[in-house]
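**Student:** Compute the structure for the input listed below.
(2 chains)
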Amino acid sequence: KQEVTQIPAALSVPEGENLVLNCSFTDSAIYNLQWFRQDPGKGLTSLLLIQSSQREQTSGRLNASLDKSSGRSTLYIAASQPGDSATYLCAVEDQGGKLIFGQGTELSVKP
Amino acid sequence: GAVVSQHPSRVICKSGTSVKIECRSLDFQATTMFWYRQFPKQSLMLMATSNEGSKATYEQGVEKDKFLINHASLTLSTLTVTSAHPEDSSFYICSARVGGLAGNTIYFGEGSWLTVV
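**Tutor:** From the prediction side, this is the model:
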């Protein structure tokens, strides 16, 4: 059974810092991996999607990497801003098309 | 881009009553929709996969008689929580896949807060 784990559960940093969020999964037979952002009480916004054949994806200040063989992904956020404060969720899509989510990392960027 | 709409965004119901939540794909056809539940400070847990024109596939531990899913058209899936109890209070969120194929982009609705009193 696929399990997705995110570390740390919560993170508080001062504005301007670069930071890394970690995601690990137990079964490497994935279709892709996605990083989402969730604001309190809201739905999900897709940030980056990495296909299983890819190693990384970049969008603005965000960079996500994928090492499928070791079951790891990282989300790198450069020059963090208070507006980045949210919960970041990692999810893998299995071969059956289901998304399995991690517990999320709650990020707080202090001005 | 593709949009998935959920309604209502918030609902309060009395214990023992039923409540229906709608999930619509506004500008694309979704043969497959997914329903998730999220308790406070926890991650999203897949409840069921809704397939247009056929029965939903429920995840282990989810009571299909309590959480009724209907996917009667290519743009609408509904989740009905029957005989709701306070422990059913949660954030329910749906997603729809463009074209229904694994690996295609998945879009999420804004979610529905259910409070059972």
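**Student:** Name the residues linked to residue 57 by a beta bridge.
**Tutor:** As the question left the chain open, I've gone with chain A. Listed by DSSP bridges, the beta-bridge partners for A:Gln57 are A:Ala64.
**Student:** sorry, should have said chain B
**Tutor:** B:Thr49.
**Student:** for it, what are its contacts?
**Tutor:** B:Thr57 makes contact with B:48-49, B:51, according to Cβ atoms under 8 Å, 6 or more residues apart in numbering or on different chains. In short, each C-beta sits where N, CA and C put it, glycine included.
**Student:** Tell me how far it lies from B:Met47.
**Tutor:** According to Cβ to Cβ, to the nearest Å, B:Thr57 and B:Met47 sit 10 Å apart.
**Student:** backbone phi and psi for the spatially most central residue of chain B, please?
**Tutor:** Centroid-nearest residue in chain B, with Cα atoms, centre = their mean: B:Trp35, separated by 3.5 Å. Here is the backbone geometry of B:Trp35 (degrees, to the nearest 10): phi -110, psi 130.
**Student:** ok, which residues in chain B are in contact with chain A?
**Tutor:** Proximity of chain B to chain A, by Cβ under 8 Å from any Cβ of the partner chain, involves residues B:6, B:32, B:34, B:42-46, B:49, B:91, B:93, B:95, B:97, B:101-103, B:105-111, B:113.
**Student:** which of these are buried?
**Tutor:** Among the residues of chain B next to chain A, those classed as buried by neighbour count (16 or more other Cβ atoms under 10 Å in any protein chain shown) are B:6, B:32, B:34, B:43-46, B:49, B:91, B:93, B:95, B:97, B:102, B:106-111.
**Student:** Tell me which entries of those residues lie within helices.
**Tutor:** Using DSSP state H, the subset of these located in helices is empty.
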